[in-house]
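Enquirer: Predicted model follows, preceded by the sequence.
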Amino acid sequence: MSIHSPPTLEELARQALLRNEALAISALETLPWTLFPLLFVDAFNGEHTRIVKAMVAAWPLPYLPVGALMNTFNLEVLQDMLEGLDVLLTQNVHPRYELTGPLKVITDLYFRFQLDEKETNFLQWAQQRKDSLQLCCVNMKIESLSLDNVRKILTVFQPEHIQVLELSIDWSWCTLAQFSPYLAQMRNLHTLSLVQIHKNRFGLDDITYLEEKFVRRFLSQFSTLSRLQHLYLNGISLVGDQVKLLLRNLKTPLESFSVTHCLVFRSHLSHLSQCERLHQLKHLDMCGVLLSYMLCMNPLRVLLEKVANTLETLGFQGCGITDSQLSVLLPALSQCSKLTKINFYFNDFSVNALSDLFLHTANFTKMAVEQYPAPVECYDEFGYFSRERFIQLCPMLMDTLRTIRQPKDISFAALLCSSYNHCVYGLESRVCTCQR
């Protein structure tokens, strides 16, 4: 039988107020300011809308942490909560709000596609109150917006307050270069995710001299991001010395580095292995980067050696890595004893190669999730998948691993067709057919 601590007197008082809406609203003028934050959280989570609006109108503190209360990016919820601010901001006297300067409202936001009428009106509303209201977006997600719309957003939510930015766009390098001054203003940014949502827009076609200038203008702004710790680049192929330029402009050691679903060359891997800013990585993801044509895997081996003492997660899904390439990586991989998750789905490993891989993971005591490809023996000479061979070989491989250590969550996956349907064999589900 579990033992729960009895509620404190303060908790009981907050619960009593929320049960009596009229009493709660009337008590706000005399309520100690120290009780406001927790009562506000309780009222928000309990969907006591009138109490929330009344509390905002009577807010006694110089900041309003809205973002911490939201599980999802929801502009409509934010706008409803800020209705009470009009009352607070238009009062001639603020008996409870003694500090001068604007009230700071901290939130998270998600903008996608075109700004609708409600979003546009909200931005205008906030723009008109800039002298008395400071809107700070800590976590901003922007998907498929034009640069003009992004500019409208960043005139209200100043870039300097953004700590996490996810930008999913279909922009040219010219447009990204025009955006780069805003990126330079994000001096508190610690996480940047840049996703190219349409293929071949940042492809490897001949880049003109002018386009090269745009690329360099954008990449040079990374030198201003002095707090960057997590960098995710998805679908963006850099050519020539552009990777070297990006890495040279990193000012802080990264914890996470993701370069996925793009073309990477041997020279790029050499730059990665030589970059000291990547030598303390906890998370490395190269999923979707085709490596099967790479004649020399030594630069990648060197990178794994450099991060062996810190690396916790590693992603090589869909890289087409072969047995011989894996054998080059194994000595370095075996040193990464802090790994908790590894993803090798959809590579070209034989049963022998997988068994050898398992032998090199004997000291992976912290491993929680392991994802491996179905061995190549599950396919015939024409590339057709044999479910029978899959069911036969996967238990055998699991038994091989169990003689070395006890896996917690292990699975093998086979790609069935070009539509990314795949078959998975795992400890829990045994065999299931999944879709992505």
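Expert: Sure thing, it's come through. Numbers count the residues shown, from 1 in each chain.

Enquirer: Which residue ranges of the stretch 1-150 of the chain form strands?
Expert: Ranges of strands in the stretch 1-150 of the chain, per DSSP state E, counting those that start in this stretch, are 63-65, 103-112, 133-143.

Enquirer: Equivalent analysis for the stretch 251-400 of the chain, please.
Expert: Going by DSSP E, counting those that start in this stretch, the stretch 251-400 of the chain shows strands at 256-260, 283-285, 313-315, 341-343, 369-373.

Enquirer: just to revisit the earlier point, can you add distance to Q229 and give the strands of the stretch 1-150 of the chain back as CSV?
Expert: For every residue, glycine as well, the C-beta is placed using N, CA and C. Shown next, in CSV, are the strands of the stretch 1-150 of the chain (distance: least, C-beta to C-beta, whole Å):
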stretch, distance to Q229
strand 63-65, 22
strand 103-112, 18
strand 133-143, 14
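
Enquirer: Show me the one of these that comes nearest L194.
Expert: L194 lies closest to strand 133-143 among the strands of the stretch 1-150 of the chain, at 10.7 Å (C-beta to C-beta).

Enquirer: any chance of the strands of the stretch 1-150 of the chain in TSV, plus mean pLDDT, distance to G240 and mean neighbour count?
Expert: Formatted as TSV, these follow (pLDDT from 0 to 100; distance: least, C-beta to C-beta, whole Å; neighbours: other C-beta atoms under 10 Å):
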stretch	mean pLDDT	distance to G240	mean neighbour count
strand 63-65	68	45	19
strand 103-112	80	33	19
strand 133-143	88	28	20
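
Enquirer: Nearest to L39 among the ones you listed would be which one?
Expert: strand 63-65 (13.3 Å).

Enquirer: Tell me the buried residues in stretch 382-391?
Expert: 385, 389-390 (16 or more other C-beta atoms under 10 Å).

Enquirer: any low-confidence regions in this protein?
Expert: 1-4, 64-96, 98-103, 198-207, 417-420, 428-436 (pLDDT under 70).

Enquirer: Just give me the longest helix of it.
Expert: helix 387-402 (DSSP state H).

Enquirer: C-terminal to it, what's the next element?
Expert: strand 410-415 (DSSP states H and E).

Enquirer: Determine the set of other helices and strands touching that next one.
Expert: strand 369-373, helix 387-402, strand 422-426 (3 or more C-beta pairs under 8 Å, 6 or more residues apart in numbering; DSSP states H and E).

Enquirer: The last one: how far from the chain's middle?
Expert: The chain centre lies 26 Å from the centre of strand 422-426; the measure is C-alpha atoms, centre = their mean, to the nearest Å.

Enquirer: Sheet partners, orientation included, of it?
Expert: According to DSSP bridges, strand 422-426 forms sheet pairs with strand 410-415 (antiparallel), strand 430-434 (antiparallel).

Enquirer: and it, which residues are buried?
Expert: For strand 422-426, using 16+ other C-beta under 10 Å, the buried residues are 422-426.

Enquirer: Can you give me the end-to-end span of stretch 194-213?
Expert: Stretch 194-213 has an end-to-end distance of 19 Å (criterion: C-alpha to C-alpha, to the nearest Å).

Enquirer: Wait, I404 touches D356, no?
Expert: No: using C-beta atoms under 8 Å, I404 is not in contact with D356; the gap is 11.2 Å.

Enquirer: Now the common contact residues for those two.
Expert: The contact sets of I404 and D356 do not overlap (C-beta atoms under 8 Å, 6 or more residues apart in numbering).

Enquirer: T361 - how many residues pack around it?
Expert: Other residues near T361 number 21, with proximity taken as other C-beta atoms under 10 Å.

Enquirer: likewise the one 10 residues further on?
Expert: Neighbour count of Q371, defined by other C-beta under 10 Å: 20.

Enquirer: Which stretches in the stretch 1-150 of the chain count as helices?
Expert: With helices called from DSSP state H, counting those that start in this stretch, the stretch 1-150 of the chain shows them at 9-19, 21-27, 36-45, 49-57, 75-81, 83-90, 117-128, 147-156.

Enquirer: Return the distance of N363 relative to R217.
Expert: From N363 across to R217, the span is 46 Å (C-beta to C-beta, to the nearest Å).

Enquirer: Please parse the chain into its domains.
Expert: Annotated domains of the chain cover 1-61, 292-297+307-436 [automatic domain parsing].

Enquirer: Determine which stretch of the ones you listed is the most buried.
Expert: domain 292-297+307-436 (a mean of 16; mean count of other C-beta atoms under 10 Å).

Enquirer: Now the phi/psi pair for F265, please.
Expert: Backbone torsions of F265, given as degrees, to the nearest 10, read phi -110, psi 170.

Enquirer: try V289
Expert: Per degrees, to the nearest 10, the backbone of V289 is at phi -90, psi 110.

Enquirer: okay, now the nearest residue to it once chain neighbours are set aside: neighbour count?
Expert: Setting aside the residues directly before and after it, V289 is nearest to V264 in space (C-beta to C-beta, 6 or more residues apart in numbering), at 4.9 Å. The number of residues packed near V264 is 20, by other C-beta under 10 Å.

Enquirer: separation between V264 and L291?
Expert: With C-beta to C-beta as the criterion, V264 and L291 are 8 Å apart.

Enquirer: same check, this time on L18
Expert: Distance of L18 to L291, given as C-beta to C-beta: 57 Å.

Enquirer: again, but for V52
Expert: Counting by C-beta to C-beta, the gap from V52 to L291 is 52 Å.

Enquirer: my read: G288 touches G315, true?
Expert: No: using C-beta under 8 Å as the test, G288 is too far from G315 to be in contact (9.2 Å).

Enquirer: What residues are bridge-paired with the nearest residue to I342 once chain neighbours are set aside?
Expert: Sequence neighbours aside, L314 is the residue nearest to I342 in space, at 5.0 Å (criterion: C-beta to C-beta, 6+ apart). Counting by DSSP bridges, L314 is bridged to L284, I342.

Enquirer: who touches L314 in this structure?
Expert: For L314, the contact set (C-beta under 8 Å, 6+ apart) comprises 284-285, 336, 339, 341-343.

Enquirer: Could you give the separation between the terminal residues of stretch 38-53?
Expert: 15 Å.

Enquirer: Contact partners for the residue sitting nearest the centre point of the chain?
Expert: Geometric centre of the chain, nearest residue: S193, 6.5 Å, by C-alpha atoms, centre = their mean. Contacts for S193 (C-beta under 8 Å, 6+ apart) come out as 165-167, 232, 234.

Enquirer: Among those residues, which ones are in strands?
Expert: 165-167, 232, 234 (DSSP state E).

Enquirer: N298 contacts L329, doesn't it?
Expert: No: if you go by C-beta under 8 Å, N298 and L329 don't touch, sitting 9.6 Å apart.

Enquirer: any chance you could map the helices in the stretch 201-350 of the chain?
Expert: Using DSSP H, counting those that start in this stretch, helices in the stretch 201-350 of the chain cover 209-220, 242-248, 266-274, 298-306, 323-333.
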